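S.K.: Give me a model of this one.
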Amino acid sequence: MAGRFPDDLPPLDGLVSVNISHNNFSGTVPAAAVRRFGQSAFFQAGNALQVIEDGAPSGGKKRNRAVVIALISAGAAVTRPRWRSSPGSKHTLHKL
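M.R.: A predicted model of the protein is given here:
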């Protein structure tokens, strides 16, 4: 099958299930349709079909921010020069 999704199909509100996989549709699949019918219902449904998935409602942005902060911290720890104090002075530092 080919066509524009969801324009060329009946209203999704009245459908119990839908599976347009392995077809040639174009258009945009709303996140609500992905939640309702599952991502597998739109698998390989067309090269020009854009499937919109929204993030997890349980703070996905916070999780992504934590990952970015952890990566930046790890990078800073790896690239930071190692320093040691010189003998006899606790205030002068020399690069190793």
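
S.K.: Residue 49: what secondary structure?
M.R.: Following DSSP: H, G, I helix; E, B strand; the rest coil, we place residue 49 in the strand state.

S.K.: can you offset everything so residue one is 29?
M.R.: That works, and once the first residue is 29, the last one we named lands at residue 77.

S.K.: From residue 50, how far off is it?
M.R.: 12 Å (CB to CB, to the nearest Å). Bear in mind the C-beta positions are built from the backbone N, C-alpha and C, glycine included.

S.K.: which strand is the longest one in the protein?
M.R.: The longest strand of the chain (DSSP state E) is strand 52-57.

S.K.: in that one, what counts as buried?
M.R.: 53, 54, 55, 57 (16 or more other CB atoms under 10 Å).

S.K.: Show me which pair in those is furthest apart.
M.R.: Within the buried residues of strand 52-57, 54 and 57 form the most distant pair, 10.7 Å apart (CB to CB).

S.K.: Identify the contacts common to these two.
M.R.: 33, 77 (CB atoms under 8 Å, 6 or more residues apart in numbering).

S.K.: which of residue 77 and residue 50 has more neighbours?
M.R.: residue 77 (18 against 10; other CB atoms under 10 Å).

S.K.: Any stretches of the protein with poor pLDDT?
M.R.: 81-124 (pLDDT under 70).

S.K.: Spell out the residue ranges of the strands in it.
M.R.: 30-33, 52-57, 76-79, 111-113, 121-123.
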